[in-house]
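Asks: attaching a predicted model along with its sequence, questions to come.
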Amino acid sequence: MAALISTLEPVVTVLVAIVFLGDPLEVRVLLGGALVLSALFLTMAPSKKEKLLPENTLPDPGDIFSEE
């Protein structure tokens, strides 16, 4: 999760530069920000396997270590 949040660093840096330093907002900056945000959302989207599996399909951790 931390790695995903850290991908927002360039977007935040550009926003801070625009607001506090008065840097101009250019088309290439908007496109770069859109690419970063779209990659973040695609990475966070659930996979097809996760959509097909019913909830609570993971084994109980106690079952792994129990002796039978």
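Replies: Perfect, I can see it now.
Asks: output the longest helix belonging to this protein.
Replies: As assigned by DSSP state H, the longest helix anywhere in the chain is helix 27-44.
Asks: which helices and strands does that one pack with?
Replies: When contacts are defined as 3 or more CB pairs under 8 Å, 6 or more residues apart in numbering; DSSP states H and E, helix 27-44 packs onto helix 2-6, helix 9-21. For every residue, glycine as well, the C-beta is placed using N, CA and C.
Asks: pLDDT below threshold where in this structure?
Replies: Within the chain, the stretches with pLDDT under 70 are 48-68.
Asks: run the last query once more with 50
Replies: Applying pLDDT under 50 to the chain flags no residue at all.
Asks: before we move on, back to that, which of the helices and strands packed on helix 27-44 sits most buried?
Replies: Highest mean neighbour count among those (mean count of other CB atoms under 10 Å): helix 9-21, with a mean of 12.
Asks: measure T7 to T13 for me?
Replies: 12 Å (CB to CB, to the nearest Å).
Asks: got a list of what L4 touches?
Replies: L40, T43, M44 (CB atoms under 8 Å, 6 or more residues apart in numbering).
Asks: ranking by neighbours, what's the top pick from these?
Replies: Counting neighbours by other CB atoms under 10 Å, L40 comes out on top of those with 15 neighbours.
Asks: spatially nearest residue to that one, not counting backbone neighbours?
Replies: T7 (5.3 Å; CB to CB, 6 or more residues apart in numbering).
Asks: separation between the one you found and A39?
Replies: 7 Å.
Asks: measure E26 to A45 for me?
Replies: 29 Å.
Asks: need the helices and strands packed on helix 27-44 in a markdown table with distance to L30, can you?
Replies: Below are the helices and strands packed on helix 27-44 laid out as a markdown table (distance: least, CB to CB, whole Å):
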| stretch | distance to L30 |
| --- | --- |
| helix 2-6 | 21 |
| helix 9-21 | 9 |
